[in-house]
Structures are given as structure tokens and as C-alpha cells.
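Novice: Just the structure for this:
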Amino acid sequence: MGGHPYWYVVDYRSPVEDALQALRQREFEAGRYSPRTRFPEFPIDSNSPAPGPVHGSIDEALEASGYEGTRSILDLTRVSDKPELCSVTAVDDDILEDVFGTTKPNLDAVEENLFELLEDVERGQGIYVTIYEDERPSKLLFAGYSVD
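Specialist: Okay, here's the model as predicted:
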């Protein structure tokens, strides 16, 4: 089976590691991870189902998901300077320029080109993009592929 894409847009927060960990906690508490929700539906918004967790912690959820992973942001445990298993890395400025014509893309542009950004992402890895509004950081996109 191929990897399943997942993505989230959250309010900008610095450092990015803090934003990632807050998102992971939010999605765990909502129960939007496998095996609790076998195939979470994306994009996630305020109307998305939130059945709550069935595990005592994110680590327990990761252990229960086995080799398939959680098919969610829970699989991405840290921010890294380079692509690595279970981590997110910033999309390179050269790629942002190629895809958007700028290193400061807006939300509409990022949503329209999401799958182009994911083309070179390996299973079990993720990316993040800072999204701008009026030349200021406004949101963060976190996206990745499940390991299964």
C-alpha cells in the first residue's frame, strides 16, 4: 500500500517546533489518528470529527499504530534541518521560488499547490511552509506522507 498524504494549516507560532508539538497534541486529543480513526479525512477543519483519544499518550498511540504509523501528524515527532524519518523540514527557498515565484506564499497559493510541494516527500517524512499575509507570517502548513 502507498503512503497517505496528510496536511494541516495552523496559526503561525515561533519556534516552529512549538507549533508542531501543539498540533500533535491537538490531533491526539481529537482522536484524529490511526488506529483510533483508521483513515483520518483531510483537510482538517472545525467541523472535522473529533472522537477523542483511546490511548493514554501520543507515545502509546504511536506504539499501537505499529509499522503503519498513525497516518497523521503524530508520526512527525520533531523539526529537522534535513529530511529525516519522523521529522518535518522547511521547504527549501529554491522550491518556494519555483512553485510560487516568491519565498513568502499566501494561503491560497499554498493550498492550490499542496501536492506539488509533496512530490519529493518520502513516506514517514514531512514538510512545513510559512504562509504569509501582508508580508508577515500568518500560518504554517505541515504536511507529510504516512509510512504505510
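
Novice: got a list of what Arg123 touches?
Specialist: 3, 145-148 (Cβ atoms under 8 Å, 6 or more residues apart in numbering). Where C-beta positions appear, they are placed from N, C-alpha and C, glycine not excepted.

Novice: So which of the residues you listed sit within strands?
Specialist: Tyr145 (DSSP state E).

Novice: Among the contacts of Arg123, find the lowest-pLDDT one for me.
Specialist: Within the contacts of Arg123, Asp148 has the lowest pLDDT, namely 79.

Novice: which residues touch the spatially closest residue to that residue that is not a sequence neighbour?
Specialist: Among residues not flanking Asp148 along the chain, Glu68 sits closest, at 4.0 Å (Cβ to Cβ, 6 or more residues apart in numbering). Glu68 makes contact with 34, 146-148, according to Cβ under 8 Å, 6+ apart.

Novice: Dump the residues you listed into a markdown table; add distance to Phe42 as well.
Specialist: What follows is those, written out as a markdown table (distance: Cβ to Cβ, whole Å):
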| residue | distance to Phe42 |
| --- | --- |
| Ser34 | 13 |
| Ser146 | 11 |
| Val147 | 17 |
| Asp148 | 16 |
